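Asker: Could you work out the structure for the sequence below:
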Amino acid sequence: MRIGLLPPIDPERVRFVGNAAGVGARLALVDHEVLARGRNLAARAEYVDLALHPGYQDAFMTALAFPVR
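Answerer: Modelled structure (predicted):
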């Protein structure tokens with residue numbers, strides 16, 4: 001939050017969950033419902049090539065600047 005990477009929210013709401021991707025992958029291996037939910041989500045995901053959008057590069061470069069505090 002100090003460098004602007006996270007929105008200004010109550011720090012009490014922030015939890016570190018460690019390797020959530022690894023835990024999710026293990027769950028998908030042992031729980032068929034979790035695997036089905038993951039497949040459903042993946043089927044609805046859409047690839048967007050941001051490089052083709054006009055103005056994206058400028059917006060990206062502007063967003064990289066960390067706020068001065």
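Asker: Identify all contacting residues around the helix ranked longest in the chain.
Answerer: Ranked by residue count and defined by DSSP state H, the top helix of the chain is helix 32-44. Outside helix 32-44, the residues that touch it by CB atoms under 8 Å, 6 or more residues apart in numbering are 24, 27, 28, 29. All C-beta spots, glycine's among them, are computed from the backbone N, C-alpha and C.
Asker: how about a cut-off of 6 Å?
Answerer: By CB atoms under 6 Å, 6 or more residues apart in numbering, the residues outside helix 32-44 that reach it are 27, 28.
Asker: Restricting the selection to alpha carbons, write that helix to CSV.
Answerer: The C-alpha trace of helix 32-44 is given here as CSV (Å, rounded to 0.1, in the frame of the first residue of the first chain):
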residue,chain,number,x,y,z
HIS,A,32,-13.6,-33.7,-8.9
GLU,A,33,-15.9,-30.8,-8.1
VAL,A,34,-13.0,-28.4,-7.7
LEU,A,35,-11.6,-29.7,-11.1
ALA,A,36,-15.0,-29.2,-12.7
ARG,A,37,-15.3,-25.6,-11.4
GLY,A,38,-11.8,-24.9,-12.7
ARG,A,39,-12.6,-26.3,-16.1
ASN,A,40,-15.9,-24.2,-16.2
LEU,A,41,-14.0,-21.1,-15.3
ALA,A,42,-11.3,-21.8,-17.9
ALA,A,43,-14.0,-22.4,-20.6
ARG,A,44,-15.4,-18.9,-19.9
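Asker: after that helix, next one along is what?
Answerer: Remark: after helix 32-44, the chain's next helix or strand is helix 56-64, criterion DSSP states H and E.
Asker: quick one: average pLDDT of that following helix?
Answerer: For helix 56-64, mean pLDDT rounds to 86.
Asker: Ok, stretch 42-53 next?
Answerer: 94.
Asker: if you take the average position of the protein, which residue is closest to it?
Answerer: For the chain, the residue lying nearest the average C-alpha position, counting by CA atoms, centre = their mean, turns out to be residue 21 (11.2 Å).
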